[in-house]
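Asker: Whatever this is, show me its structure:
(chains A and B)
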Protein chains: 2
Amino acid sequence: MTTQQLTSEIRKKKSFLCVGLDIDLAKIPSSFLEEEDPIFEFNKAIIDATHDLAVAYKPNIAFYEAYGLKGWTALQKTIAYLNENYPEVFTIADAKRGDIGNTAAMYAKAFFEDMSFDSITVAPYMGKDSVEPFLSFENKHTILLALTSNNGAYDFQTKALDGKPLYHQVLETSKTYVNSEQLMYVVGATKAEYFTEIRAIVPNAFLLVPGVGAQGGSLEDVCKYGMAANVGLLVNSTRGIIYASKGEDYAEAARAEALKLQQQMERFL
Amino acid sequence: MTTQQLTSEIRKKKSFLCVGLDIDLAKIPSSFLEEEDPIFEFNKAIIDATHDLAVAYKPNIAFYEAYGLKGWTALQKTIAYLNENYPEVFTIADAKRGDIGNTAAMYAKAFFEDMSFDSITVAPYMGKDSVEPFLSFENKHTILLALTSNNGAYDFQTKALDGKPLYHQVLETSKTYVNSEQLMYVVGATKAEYFTEIRAIVPNAFLLVPGVGAQGGSLEDVCKYGMAANVGLLVNSTRGIIYASKGEDYAEAARAEALKLQQQMERFL
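Answerer: Next comes the predicted model:
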């Protein structure tokens, strides 16, 4: 998918909502546990209930790996289901990978080719040759961690590196990478005051924004300081949607929460 | 495994060799491709041929993920084979993970509990709350990326953050994390001149050192500047050993290369 197509979907659905699919078997309705593949069946139900309100889905790969082969199978089935039934949605493998040359190429192959994700999250610590292998895939996107929403972000990301915050350096340096137009960035909503500085460096790049809602970030501030001409925002919500209810009304509850967010987003578009 | 046990194994085997298991089906002897699980069978043969010369094995998780379910199965069988037959070796999941709180906990569970790896490599970019969940597992070790052996290391790691190179800050800050005595660090051998500075910050921590041999680092320099009282070094070799021959003598060739390295290491112990 191109970023133009993504912007066009955002305008069509009046939404820049990304739904996180971080499945914890202890938190889904117990009726699913009788299914052969509870993770996939739950994902399918959530996707079916929200696909017209969300433009992106983001499985967090850790949650699938934690269930071993079963988790991996559920992930493959989930991305295949999305690609087959809702090819218009943007898919994000939230893997936060980061390794050198040939290893990065192996990860890129696994997520972009074998599973056909549109994008993957990548950590910047190892620099250029850990990021560029991901950027060599046409119409695929690499979402680089810039400023994350957790407290640990203050350990290094906000400290001054050669006179500027490390996350500024990450943004600026990454712009020099080959095919940098395929970069997007993770920017936590809990730090809305930073969006102005970020937009000064990457005016049009898409920003994947976690931390709205449960983690305390304000959607209004994110839009005020972070929205670009092409919208350039994907705001993620996970627990608020997928765990809105543990009862049999889980799908309706998920849809209701997604609808609330979509309606708030519509005001800013 | 405790670091005391690891040092004791190093003294016993007169080796601090770590063998990387980065399996590429295009590079292993073609006879394996007829096996039901070529990756596992090849790993088993390499491990059997080198286990008395190496103290650690390090599968690079990307190479397994790239083969999907088959790769994941091969990884599980490989770690089970190591734990069952050679419980004295130190096992490293080279995963370079890095994510917040509950996600990090899921990764830790997958690698430390379900697969019983002794250690995992972790990226430091997201800070304290992305590292501490790994450190809460007793006798398990978190190997934090400090100074990597690739060119991209110069993008951020060696630049001054609040007046000191970022990798210094990573070493210093990580020492304040809860259970920091279970930390080890990745330090590339191609930058041997940095070992003196690193030892000034972490005098006794184990350093996992890639980049000797193929990547140009000198074992002598690594030992001269990096060795600690408890040895504190694991020097990794991958391609030089596992791909020493693509013929039917692959196991003898792997053993011969491992033996060469072990004999060089013995001189420095």
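Asker: and the helix or strand harbouring residue A:198, C-alpha only, in PDB?
Answerer: Element membership of residue A:198 [criterion: DSSP states H and E] is helix A:195-201. The C-alpha trace of helix A:195-201 is given here as PDB (Å, rounded to 0.1, in the frame of the first residue of the first chain):
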ATOM      1  CA  PHE A 195       4.800  17.000  18.000                       C
ATOM      2  CA  THR A 196       5.600  20.500  16.900                       C
ATOM      3  CA  GLU A 197       9.300  19.800  16.900                       C
ATOM      4  CA  ILE A 198       8.800  16.500  15.200                       C
ATOM      5  CA  ARG A 199       6.700  18.000  12.400                       C
ATOM      6  CA  ALA A 200       9.500  20.600  11.800                       C
ATOM      7  CA  ILE A 201      11.800  17.700  11.000                       C
END
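Asker: which residues does the residue of the stretch 151-269 of chain A found nearest chain B contact?
Answerer: Using CB to the nearest CB, the closest approach of the stretch 151-269 of chain A to chain B is made by residue A:152 at 2.5 Å. Every C-beta, even on glycine, is put in place using the N, C-alpha and C of the backbone. Counting by CB atoms under 8 Å, 6 or more residues apart in numbering or on different chains, residue A:152 touches B:100, B:126-131.
Asker: cool, residue A:68 as well?
Answerer: For residue A:68, the contacting residues are B:72, B:76, B:110, B:114, by CB under 8 Å, 6+ apart.
Asker: Ok, residue A:170 next?
Answerer: Counting by CB under 8 Å, 6+ apart, residue A:170 makes contact with A:124, A:144-146, A:157, B:156.
Asker: Any regions of the stretch 151-269 of chain A where pLDDT drops low?
Answerer: A:213-216 (pLDDT under 70).
Asker: Around chain B, pick out the residues from it.
Answerer: The stretch 151-269 of chain A comes close to chain B at residues A:151-157, A:159-162, A:166, A:169-170, A:173, as judged by CB under 8 Å from any CB of the partner chain.
Asker: out of the residues you listed, which are buried?
Answerer: With neighbours counted using 16 or more other CB atoms under 10 Å in any protein chain shown, those contain these buried positions: A:152-153, A:155-157, A:159, A:161, A:166, A:169-170, A:173.
Asker: As TSV, the contacts of residue A:152 with distance to residue A:137 would be great.
Answerer: Output for these, formatted as TSV (distance: CB to CB, whole Å):
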residue	distance to residue A:137
B:100	27
B:126	25
B:127	29
B:128	33
B:129	31
B:130	27
B:131	30
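Asker: what are the phi and psi angles of the residue of the stretch 1-150 of chain A found nearest chain B?
Answerer: Closest residue of the stretch 1-150 of chain A to chain B, CB to the nearest CB: residue A:127 (2.5 Å). Note on residue A:127: backbone dihedrals following degrees, to the nearest 10 are phi 80, psi -170.
Asker: Look up how far residue A:205 lies from the nearest residue in space to it that is not next to it in sequence.
Answerer: Distance criterion CB to CB, 6 or more residues apart in numbering or on different chains; nearest residue to residue A:127, sequence neighbours excluded, is residue B:152 at 2.5 Å. Separation of residue B:152 from residue A:205 (CB to CB, to the nearest Å): 20 Å.
Asker: Residue A:62 contacts residue B:107, doesn't it?
Answerer: Yes - with contacts counted by CB atoms under 8 Å, residue A:62 reaches residue B:107, the gap being 4.9 Å.
Asker: what sits in contact with each of the two?
Answerer: B:97, B:99.
Asker: just the strands in chain A please.
Answerer: Here chain A has its strands, by DSSP state E, at A:17-21, A:56-59, A:90-97, A:119-122, A:141-147, A:160-161, A:164-165, A:183-187, A:207-209, A:233-237.
Asker: How about residue A:244, nearest residue that isn't a chain neighbour?
Answerer: Per CB to CB, 6+ apart, closest to residue A:244 is residue A:253, 3.7 Å.
Asker: Relative to residue A:25, how far out is the one you found?
Answerer: In terms of CB to CB, residue A:253 sits 18 Å off from residue A:25.
Asker: do the same with residue A:236
Answerer: Separation of residue A:236 from residue A:25 (CB to CB) stands at 21 Å.
Asker: again with residue A:223
Answerer: 35 Å.
Asker: Which one of the two is surrounded by more residues?
Answerer: residue A:223 (21 against 16; other CB atoms under 10 Å in any protein chain shown).
Asker: Could you double-check that the more buried one lies in contact with residue A:217?
Answerer: No - Residue A:223 lies out of contact with residue A:217 (CB under 8 Å); the separation is 11.2 Å.
Asker: As a markdown table, the buried ones among the residues of the stretch 151-269 of chain A next to chain B with distance to residue A:1 would be great.
Answerer: Putting those into a markdown table (distance: CB to CB, whole Å) gives the following:
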| residue | distance to residue A:1 |
| --- | --- |
| A:152 | 31 |
| A:153 | 29 |
| A:155 | 34 |
| A:156 | 32 |
| A:157 | 28 |
| A:159 | 35 |
| A:161 | 33 |
| A:166 | 30 |
| A:169 | 29 |
| A:170 | 24 |
| A:173 | 26 |
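Asker: number of nearby residues for the residue lying closest to residue A:146 once chain neighbours are set aside?
Answerer: Residue nearest to residue A:146 in three dimensions, not counting chain neighbours: residue A:185, with 4.2 Å by CB to CB, 6+ apart. Neighbours of residue A:185 under the rule other CB under 10 Å: 25.
Asker: Against residue A:106, how distant is the closest residue to residue A:245 other than its chain neighbours?
Answerer: Excluding its sequence neighbours, the residue lying closest to residue A:245 (CB to CB, 6+ apart) is residue A:253, at 3.6 Å. Residue A:253 sits 39 Å away from residue A:106, going by CB to CB.
Asker: Those two: who's more crowded?
Answerer: residue A:106 (24 against 18).
Asker: Is it correct that the more buried one is in contact with residue B:66?
Answerer: Yes - if you go by CB under 8 Å, residue A:106 and residue B:66 touch, sitting 4.1 Å apart.
Asker: would you list every one of the helices in chain A?
Answerer: Taking DSSP state H as the test, the helices found in chain A are A:3-13, A:38-50, A:61-65, A:68-85, A:101-108, A:128-135, A:153-156, A:166-174, A:195-201, A:219-226, A:239-242, A:250-268.
Asker: of all those helices, which lies closest to residue B:119?
Answerer: Residue B:119 sits nearest to helix A:61-65 of all the helices of chain A, at 16.6 Å, using CB to CB.
Asker: hmm, that closest one touching chain B?
Answerer: Yes - using CB under 8 Å from any CB, we find that helix A:61-65 touches chain B at A:62-63, A:65.
Asker: per-residue confidence averaged over that helix?
Answerer: The pLDDT scores in helix A:61-65 average 91.
Asker: From residue A:113, how far off is residue A:74?
Answerer: Noted for residue A:74: a distance of 20 Å to residue A:113, by CB to CB.
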